[in-house]
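[1] Sequence plus the predicted model coming up.
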Amino acid sequence: GSLLLAVHFYSLPSASPLIPSTALGVLLLILSSLLAYAGIRRSLRDASLFLCLCLTISVFWCGYGVVFILGGQGVLNDTGDFRNALVPGLVTFTLALLIIAVVGFLCREVILAMIASAVSLASAHEVATHYSTAFGSSAVACNYMIVCLVGGYFGLGRILYFLTKEKIALPGTDLATKRTHEPIQSTSGSVNHFAVTGLILNMLSASVFGCKLLGVTDKLFIGQVPWLWAAGIYQIGICILSYRAMDVLMATFFGFTSILKFAEGYCLLYLIWQPEEPSFPVPFLVVFSILFIVLALFVTLKSPVDGLYLLFYVAYCIALACRPKGFFEGGPQGVDVAIFVASALMTLIHLYNVKASAKIPTGKGAVKALLARSSFLKLREGADLHAPYLGYSKYADAEVLGYACSVLASFAITMTGNPQAPLATVVIPWVVVAGGILKLLGGSVAFARGKTLESSAFILYAVMWIIWGLARYGGLYGTTRSFHAAVGIVAFMLFNGFIVFCTLFLNIAWFFYSLTFFLIAISFLLDAIHALPAGYDIAATLIFGLVSFYCFLSALFNSVFEGSCLPMGRPIVQLSGVGGGMTKCLHLPARKASSVKRIADILKNGGTCGIPTDTVYVLVAACNRPDAVEKAHQSKRQAQDRPMSLWISSLKQLEPAKHLFSPVLWDFMEAAWPSPISLVVPRGEWVDFLGMKDSAKYVGTPQSIAIRIPDCSVTTHLIDLVGPIVVTSANPTGEADTTHHNQVYAKLGNKVDAVLCDGPSPENIASTVVDCTKIDSGNIGFFRVGIIPKSQVKLILTLFPLP
């Protein structure tokens, strides 16, 4: 990327640049996506400046590339347009990369610091070339050449490191030694390494309007939209990654700021169609400021400095509400300047505290110490802070953002707008981005956490907000299309009726949340057929908005404090049996050895558990616990023609009884296992060597038993801890196999004590069951052909001589 820019700036003084602007812009967009991928992939392994540098330069080149494309397509034609478009972004990244460089040098990340400082100097020189002819573009090219040389050195060092099998490591390129010096961070969500990039994105959007106020740029126009919308898109990405970092509060904050960025870009884009600036709905902005205040209070509990920072956005929303032309007036632009400065300081504090051993104080322990004395409020902490209802999830709960988006979307549509000029009122960004895009995000995260009903509702409502927002406030439907719109709304109401019915079994708050959305849908329907009574839509949105606000507060309290300060309520209709309403089953991630140990302890104490295997999920019990085996048998309503099988971890567990097996059968077992092949062998005295006792009557048939060694390290490790286990499929008899850990509890309910979670099963087909009762005569049969075909099983049989 730097090589492309170096070539561009060296050839800039000539009549025709070597690389056309459009081609350069497209290449920068491709490289920006690769940089973002590299940074995020790296962040999954260790936290470092590399993540922040990659994401920062990625968003820089993304906005930069689109500006070049606009220039190449003749959009930026007027004198000074290119300067007005580029300078806000260049100013932001000059400062942001300088901060990264300073922290890099302080923390001895020399190569990354050199790259950051070189790009920062290149951006500063480019700003200077736009305002003074004394500065030539060759200075910019020289800085980018420094990046090329340093990057080439680092790449060469890594290649040598791999080719020589870690024997040669150039100074500064050995990442393994760096990782050992980095402080070990908790994975419980206390550190969000993506927050720094989110703060830089806040600097970027504030710079666009701050530069206009300070006279650095002459006007606000379409050329600055790439910076704002690039910041908005990346801010949604940072929101998702913050949920990945288990930071609900900052993820919600970044979701809020992304809405503002899209709205800012929309307002500048609007000037293409109309010369007059659009107006802003005051009720929405007042509600937005209230949501920011509430969020700031909860963030203050974790970090007072972060809470104070959020108050700048409270002031920003109030300033927008006080000025009818919003972003285009001096008051909000003055707050933008303050946000730019505050974001720069917060970037420095967060980045330094992530890397350095000596921290800049942010007051994190002060509020925690005060709350420790309180018996009423107690902060949620520990490993189960973000434990989902079913299974484990890589993401924290996004319901807070989902409810907040419902509040924002509902209050946004209280503004009726002008039918003759529907775009003149800024409503579409609030409804489509807040009610639509971010609600889809919340629904996706809810689904990942096992909340199927909540995710379905969020996604349905998001689609409704997007379609209705674009149709009503984009002027996309009129009298001729009102019938078609009405039919679509009735279809949505039918879906919502199903959701309302289901929420009867969830909790009271969700019942009212889905029921009051009916009022919104009725408002849409009446408006579509032009029969909307005066004031009905205002009343409907207020009721839905207030219910959503309660849910927002309840979700915030439940994510920060222990107990239920603002309860969501119990189910209106209590179900017995599967799920049982509020009963929870222990779900543990299979990737942790501690989880496997806890499952082993449960099995040793007579419990039954669902576990992953090399095929589908199964229900298991320790074979030396007859009570557990009986429980598993009853929970399955086991049919006589589907007997339970026996699993071991290695043939060593059968070694004491080897003399009881025929040599052919023993050789076949050695050749076939470990694999998804179950062998049905004659029942005999060898069963007593496994300590099955009274469990034996539930396993197999009176004549035979199916036995297997699974080809799954987690399962065999568990068997090593527990001993031989009795196994059956994790579903009621006659139903389909279970292929995800969420399905185990959904199908068996409270009859299973714990589930070892490993996501989707590697296969959707069960094991192959081979009849080996007559193998001594050279014959085998098949009770079930599963993942392993007959031909492969017979091929194994030919590997050794038969008698």
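    Yep, that arrived.
[2] use CA for all of it now, contacts and neighbours both
    Noted.
[3] gap between the closest residue to Leu379 other than its chain neighbours and Asp306?
    In space, Leu379 comes closest to Phe561 once its chain neighbours are excluded; the distance is 4.4 Å by Cα to Cα, 6 or more residues apart in numbering. With distances defined as Cα to Cα, to the nearest Å, the gap from Phe561 to Asp306 amounts to 18 Å.
[4] where does the stretch 401-550 of the chain dip in pLDDT?
    Counting by pLDDT under 70, the stretch 401-550 of the chain contains low-confidence residues at 415-424, 475-481.
[5] Can you report how many residues neighbour Val337?
    Per other Cα atoms under 10 Å, the neighbour tally for Val337 reads 20.
[6] quick one: it and Ser207 touch, right?
    Yes. The pair Val337 / Ser207 is scored as a contact, 7.1 Å apart, by Cα atoms under 8 Å.
[7] ok, the residue nearest to Leu379 to Ile489 distance?
    39 Å.
[8] Tell me which of those two has more neighbours.
    Set side by side, Phe561 and Ile489 give different neighbour counts by other Cα under 10 Å, the larger being at Ile489 (22 against 17).
[9] residues in contact with the closest residue to the more buried one other than its chain neighbours?
    Computed as Cα to Cα, 6+ apart, the closest residue to Ile489 that is not its neighbour in sequence is Leu525, at 6.1 Å. Applying Cα atoms under 8 Å, 6 or more residues apart in numbering, we find Leu525 in contact with Ala485, Ala486, Ile489, Val490.
[10] downstream neighbour of the helix or strand of the chain with the lowest mean pLDDT in the secondary structure list?
    Comparing every helix and strand of the chain by mean pLDDT, DSSP states H and E singles out helix 175-181 as the least confident one, with a mean of 51. The helix or strand immediately downstream of helix 175-181 is helix 195-213, counting by DSSP states H and E.
[11] Please, which helix or strand holds the residue most central in space within the chain?
    In the chain, the centroid-proximal residue (Cα atoms, centre = their mean) is Ile240; its distance is 4.3 Å. Using DSSP H and E, Ile240 sits in helix 225-244.
[12] Just list what that helix packs against, helices and strands only.
    With contacts defined as 3 or more Cα pairs under 8 Å, 6 or more residues apart in numbering; DSSP states H and E, helix 225-244 has these neighbours: helix 49-72, helix 195-213, helix 248-270.
[13] Report the mean per-residue pLDDT for it.
    Throughout helix 225-244, pLDDT has a mean value of 94.
[14] Then stretch 681-696?
    Here stretch 681-696 scores 82 as its mean pLDDT.
[15] Quick one: end-to-end length of it, please.
    Taking Cα to Cα as the measure, stretch 681-696 stretches 14 Å from start to finish.
[16] coming back round to it: drop anything exposed from the contacts of Leu525.
    Ala485, Ala486, Ile489 (16 or more other Cα atoms under 10 Å).
[17] Kindly confirm my reading that the last one forms part of a helix.
    Going back to what we said before, that points to Ile489. Yes. According to DSSP: H, G, I helix; E, B strand; the rest coil, Ile489 belongs to a helix.
[18] Verify the stated contact: it with Ala521.
    Yes. Ile489 is within contact range of Ala521, at 6.8 Å (criterion: Cα under 8 Å).
[19] correct me, but Ser242 touches Gly255?
    No. Between Ser242 and Gly255 no contact is recorded; they are 10.0 Å apart, counting by Cα under 8 Å.
[20] Could I get the full set of strands for the protein?
    For the chain, the strands identified by DSSP state E occupy 586-589, 609-611, 618-622, 645-647, 677-682, 704-708, 725-729, 754-757, 768-771, 781-784, in order along the chain.
[21] Only the buried residues of the last one, if you could.
    Using 16+ other Cα under 10 Å as the burial criterion, the residues of strand 781-784 that qualify are Arg784.
[22] so what does that strand touch, helix or strand wise?
    Using 3+ Cα pairs under 8 Å, 6+ apart as the contact test, the elements touching strand 781-784 are strand 768-771.
[23] burial measure for Leu795, as a count.
    Neighbours of Leu795 (other Cα under 10 Å): 10.
[24] Please name the nearest non-neighbouring residue to Lys219.
    Lys219 sits nearest to Lys212 (Cα to Cα, 6+ apart), 6.3 Å away.
[25] wait, what's in contact with the one you found?
    Listed by Cα under 8 Å, 6+ apart, the contact partners of Lys212 are Asp218, Lys219, Leu220, Gln333.
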